[in-house]
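1. here is my input; please provide its structure:
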Amino acid sequence: MGNNHYTSISVDLDSDVANTPAIAVGPFESGTFICPASMDQQNIEFHVSDTETGIYNQLASATEVKVVITAATQAYAYPIPTSALDGVKWLKICPATNDVAGVRLTFN
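-> As a prediction, this is how the structure comes out:
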């Protein structure tokens, strides 16, 4: 567990990275993305930055494969990929096509 830190938040996500909230994830090692009842087949992308107001780059693997939760849908919770938290200070989570309200996130 990330230095005994734990938090749970509810956020509204925007498909435009500029309009989705920045989340401070510096002390956390793992997290969970809990879909609201309104979510249906959304790809979830992760964007990271070293500062809250900096440039957010889409997270990819070392071989440049985008890190994505594919076809996220209601009634499921998905682990946030460890690479979205490892060595990252700020995170933005974006649905690929539609805005989504009421996403619950947990981090520890």
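2. partners of whichever helix or strand residue 103 is part of in the sheet?
-> Element membership of residue 103 [criterion: DSSP states H and E] is strand 100-107. Sheet pairing here is set by DSSP bridges, and for strand 100-107 it gives strand 7-13 (antiparallel), strand 31-34 (antiparallel).
3. ok, and for the first one, which residues are buried?
-> Of the residues in strand 7-13, 11, 13 count as buried by neighbour count, 16 or more other C-beta atoms under 10 Å. In short, each C-beta sits where N, CA and C put it, glycine included.
4. same check, this time on stretch 101-108
-> 103, 105-108.
5. surely residue 24 and residue 88 touch.
-> No: applying C-beta atoms under 8 Å as the test, residue 24 and residue 88 come out as separate, 10.0 Å apart.
6. who has more neighbours, the two?
-> Using other C-beta atoms under 10 Å as the criterion, residue 24 and residue 88 rank with residue 88 on top: 19 against 13.
7. show me the contacts for residue 44.
-> When the contact criterion is C-beta atoms under 8 Å, 6 or more residues apart in numbering, the partners of residue 44 are 33, 68-69, 72, 78, 93-96.
8. mind putting those residues into CSV with neighbour count?
-> Putting the contacts of residue 44 into CSV (neighbours: other C-beta atoms under 10 Å) gives the following:
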residue, neighbour count
33, 22
68, 16
69, 21
72, 22
78, 15
93, 23
94, 23
95, 19
96, 14
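9. distance to residue 40 added to the residues you listed, as a markdown table?
-> Putting the contacts of residue 44 into a markdown table (distance: C-beta to C-beta, whole Å) gives the following:
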| residue | distance to residue 40 |
| --- | --- |
| 33 | 15 |
| 68 | 16 |
| 69 | 14 |
| 72 | 9 |
| 78 | 14 |
| 93 | 17 |
| 94 | 16 |
| 95 | 10 |
| 96 | 13 |
